[in-house]
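Chemist: sequence and predicted model, in that order:
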Amino acid sequence: MKAPQDIILTPVITERSVDDMQNSKYTFRVAKDANKVEIAQAAEALFQVQVLKVNTVNCTGKTKRMGRYEGKRPDYKKAVITINPEPTPDRDGKKRKGTIEFFDGMF
């Protein structure tokens with residue numbers, strides 16, 4: 001099994017993702033071979049939150065040109081993770097959080 005740091009790669013910061021943070025939806029770039037269950041488990045392990053839903057999108061890289069030469073940016077996978085805004089205790093008795101602290105100052 002992969003480590004959670006190998007599944008959730010980077011946060012995606014756009015206008016839409018910042019607006020969705022108010023609705024407890026957080027957007028991340030994830031590993032291309034990760035499924036929804038693995039993404040949910042990685043988010044719960046990394047951020048100590050309760051994941052309600054995971055939506056994924058396979059994004060194709062743009063074709064870019066530099067003069068007569070053409071290249072392509074790599075394809076990637078994006079996940080929108082919906083978390084429970086009310087902190088609830090875990091089965092183990094650990095306290096869950098209602099937000100992800102990394103994003104708290106963004107909106």
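Modeler: Now that the structure is in, tell me what you want to look at.

Chemist: residue closest to the middle of the chain?
Modeler: Centroid-nearest residue in the chain, with Cα atoms, centre = their mean: residue 28, separated by 2.7 Å.

Chemist: and residue 9, how many residues sit next to it?
Modeler: 16 (other Cβ atoms under 10 Å). No exception for glycine: its C-beta is placed from N, CA and C like everyone else's.

Chemist: now whatever helix or strand residue 19 lives in, how far from the centre of its chain.
Modeler: Using DSSP states H and E, residue 19 sits in helix 15-20. Helix 15-20 sits 13 Å away from the centroid of its parent chain (Cα atoms, centre = their mean, to the nearest Å).

Chemist: residues in contact with residue 66?
Modeler: Residue 66 sits next to no residue when contact means Cβ atoms under 8 Å, 6 or more residues apart in numbering.

Chemist: that one bridge partners, please.
Modeler: Counting by DSSP bridges, residue 66 is bridged to residue 69.

Chemist: quick one: low-confidence parts of the chain?
Modeler: 1, 90-93, 104-107 (pLDDT under 70).

Chemist: just the buried positions in the longest helix along it, please.
Modeler: For the chain, the helix with the greatest residue count under DSSP state H is helix 36-47. Buried residues in helix 36-47, counted by 16 or more other Cβ atoms under 10 Å: 38-44, 46-47.

Chemist: also stretch 26-36?
Modeler: 26-28, 30-31, 34.

Chemist: where's residue 6 relative to residue 38, distance?
Modeler: 10 Å (Cβ to Cβ, to the nearest Å).

Chemist: sweet, I'm off.
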